[in-house]
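Trainee: Okay, predicted coordinates and the sequence, questions at the end:
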Amino acid sequence: METIGVDLHKRESQICIRRETGEFIEQRIVTGRGAFHAMFATRPRARILLEAATESEWVARYLESLGHEVVVADPGFAPMYATRSKKVKTDKRDARTLCEACYRGTYHAIHRVSDARRHLRSALTVRDALVRTRTRYVAIVKAFVRREGLRLRSGEPQHTVAKLAELELPAHVAAELAPLLALLGPVHDEIERANDHLTQLATSDPIVPRLRSVPGIGPVTAIAFVAALDDVRRFTSAHQVQAYLGLVPSEFSSGERQLRGHITKRGNSRTRWLLTEAAWRVLRSSDPDAAPLRTWAERIALRRGKRIAAVALARRLAGILYAVWRDNSSYQGRRHRIAA
């Protein structure tokens, strides 16, 4: 079987084919379905190695539809680049290196997300973009108001226009803010539609209601957790999930010297942020169900401060969510109180 390395790029990609005789064929093609069809449709079944990138999933699926075996590999796996020179880097050399890694098996295949979870991630990405846009607009409005010695009363961001109407703004400030205010309403409406869409997705997924039984976990956080993990069976422990989400401390230890730093912040940043927000909700909550988690975090806060306690609680929540999903159960304070 031939082994092929594909160095993907946005416009053009470099191909390196290692034939069974040991001969190499190298070619550069346009990154498009037509070019890939012309290159691979008539070739015998081959094993093809790609680096994980923006284009890798559709390319992998298309090549698989042509009958080839495709591996999407982790670009951070150092042994995959063992044959590449450190002093000279070109697309041609990268494609040859991927081809050699495919032939030798020195790669680490990533988990490819299912279609259902990919759609969930897309919906979350769109909602996140909308929320960030509204947050930026509201921040600009507040800055303009403060510049005039005024201040908006506290409240939800969707009430910004109403709160602004309560102030006696100078005419020039009102004129300056008019374009932003005209956009705030439609952006908020789209956020509401995105929330409704996510709520519908949440009700159709049997996993989400069980995750929502955990204190502080709302529909968006539960959906984000499901979308990030995709398949709970690929994780063997809660700690592995916590590390996957970047919630474990970084470590630089050697010999007798041990040094632990801030959390690694690897993996899905959206899910990590949502879990941290859920932790803050638990810390501020008076819900009796959240009392064991809140008490646990408050003990850490006395020693290390509330910010570190919130991150520690986010890590604990990730472990509890994993256990609830893995065991096909709902949250029970006594049963899951030591999950982390």
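Mentor: Now that the structure is in, tell me what you want to look at. Because the structure is a prediction, the values reported are computed rather than measured. Numbers count the residues shown, from 1 in each chain.
Trainee: Tell me how far W58 lies from E12.
Mentor: Distance of W58 to E12, given as CB to CB, to the nearest Å: 16 Å. From N, CA and C alone the C-beta is placed, and that goes for glycine too.
Trainee: pLDDT below threshold where in the stretch 201-340 of the chain?
Mentor: 333-340 (pLDDT under 70).
Trainee: Go again with 50.
Mentor: Within the stretch 201-340 of the chain, the stretches with pLDDT under 50 are 337-340.
Trainee: ok, now the stretch 1-150 of the chain?
Mentor: Along the stretch 1-150 of the chain, no part satisfies pLDDT under 50.
Trainee: So which residues of it form strands?
Mentor: Using DSSP state E, counting those that start in this stretch, the strands of the stretch 1-150 of the chain run over 2-7, 12-18, 24-30, 46-51, 69-73.
Trainee: Put together a markdown table for these, with mean neighbour count and distance to A297 on each row.
Mentor: Compiled in a markdown table, the strands of the stretch 1-150 of the chain are given as follows (neighbours: other CB atoms under 10 Å; distance: least, CB to CB, whole Å):
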| stretch | mean neighbour count | distance to A297 |
| --- | --- | --- |
| strand 2-7 | 25 | 46 |
| strand 12-18 | 21 | 48 |
| strand 24-30 | 14 | 54 |
| strand 46-51 | 23 | 40 |
| strand 69-73 | 19 | 38 |
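Trainee: and those as a markdown table, adding distance to A194?
Mentor: Below are the strands of the stretch 1-150 of the chain laid out as a markdown table (distance: least, CB to CB, whole Å):
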| stretch | distance to A194 |
| --- | --- |
| strand 2-7 | 35 |
| strand 12-18 | 34 |
| strand 24-30 | 35 |
| strand 46-51 | 31 |
| strand 69-73 | 29 |
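Trainee: looking at those strands, which is closest to Y244?
Mentor: For these, distance to Y244 was read as CB to CB. The smallest value, 17.0 Å, belongs to strand 69-73.
Trainee: packing partners for the closest one?
Mentor: Strand 69-73 is packed against strand 46-51, helix 56-65, helix 91-104, with contacts defined by 3 or more CB pairs under 8 Å, 6 or more residues apart in numbering; DSSP states H and E.
Trainee: From the structure, what's the count of residues near the closest residue to A318 other than its chain neighbours?
Mentor: Closest residue to A318 apart from its sequence neighbours, by CB to CB, 6 or more residues apart in numbering: Q242 at 5.0 Å. Q242 has 25 neighbouring residues, counting by other CB atoms under 10 Å.
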